[in-house]
Structure formats: C-alpha cells, structure tokens
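# Fold the following for me, if possible:
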Amino acid sequence: MADFALHTDFEASSVPIGELDLCCVRMQNDARWPWLILIPRRVDVADLDHLPAEDRHRLMEEQIAAMGAVRRMGEALLRPVIKLNVAALGNVTPQLHVHVIGRRRDDAAWPSPVWGVGQAQPYSEGSRVVATAAARDALGL
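This is a model prediction of the structure:
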C-alpha cells in the first residue's frame, strides 16, 4: 500500500524480519523473550475492527504463522517456548499491531505480562542473527 508508513516506535524498538501478504514482521529487540510483531500494512488502522473481514482473516493466518516462528526462535536460541502470549494493545503505539511473545516459566516476568518488566536487553549480534534467521526460515521469508 503506497501510503502506508511504519510508526516510528517500531523503528526504535525492533528489527525487520520481512513482509507477509498483509503484515510487516518485526522482532522486538529484547533478548529476554522470542518476540515478533505483526503490523498490517494498512493506513489509519488502530483496532482489529477497522480491518475489513478479509484482512482480519489474513491477520489470523499470519498470526498463527508467527506463533510457529516464535517457537522456532526459542528453539534456535536454546530456550524452548512453553506458552505463547498474543496481544493487540495499541495504548502506546496507536498503529494496529499484534505481539506474539514466547514465554517460559523461568523468564523475567513469568507468569505476569511482559510489559513494564525491567529494561529491554538488546540481542547480541550473534543471537540476533540466529533469532532472525530462525524466524525468516519458519515464515518462508
């Protein structure tokens, strides 16, 4: 979509993975969790009910694919995911986006939500390469 622009918050806190049919896929730059973000490439969309039905269905399919990719990231980082958290909040960044977060009982926030827990720990170069490669492979990118 020609008028689509990624909100600047995503540029500051995540790294690009690639593009699916509907969504930009980004990896949250916080090594504490394998974490992908799906951002539908649509203009002025803040909530799921702003998407037409076809896009909502496509988003669900891409969300399921991202769940598999997050699991693959956890395996590649030798920290297998035992639970997936999925959320579309938008209270801080108003552009519609869906978080897909891999959780473990020994993670920094378990069993609570990840938001507001400590400071982000950016990936090392090596871990970033491993995580992004696993996500891209799982998503066929």
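
# same question for the longest helix belonging to the chain, mean pLDDT?
Longest helix in the chain, counting residues (DSSP state H): helix 53-76. For helix 53-76, mean pLDDT is 98.

# Show the subsequent helix or strand relative to it.
Counting by DSSP states H and E, the next helix or strand C-terminal to helix 53-76 is strand 83-87.

# Next, the buried residues of that following strand.
By 16 or more other C-beta atoms under 10 Å, the buried positions in strand 83-87 come out as 84, 85. For every residue, glycine as well, the C-beta is placed using N, CA and C.

# Partner strands of that strand and their direction?
strand 98-103 (antiparallel) (DSSP bridges).

# The strand it pairs with vs helix 53-76, what angle?
In terms of direction (axes from the mean of the first three to the mean of the last three C-alpha atoms, to 10 degrees), strand 98-103 departs from helix 53-76 by 20 degrees.

# Quick one: list the elements packing against the helix or strand containing residue 138.
Using DSSP H and E, residue 138 sits in helix 125-139. In terms of contacts (3 or more C-beta pairs under 8 Å, 6 or more residues apart in numbering; DSSP states H and E), helix 125-139 is packed against strand 14-19, strand 23-28, helix 53-76.

# and it, which residues are buried?
130, 131, 132, 134, 135, 136, 138, 139.

# if I look at the second one, how far off is residue 57?
Here the distance between residue 131 and residue 57 works out to 28 Å (C-beta to C-beta, to the nearest Å).

# Repeat that for the fifth one.
Separation of residue 135 from residue 57 (C-beta to C-beta): 22 Å.
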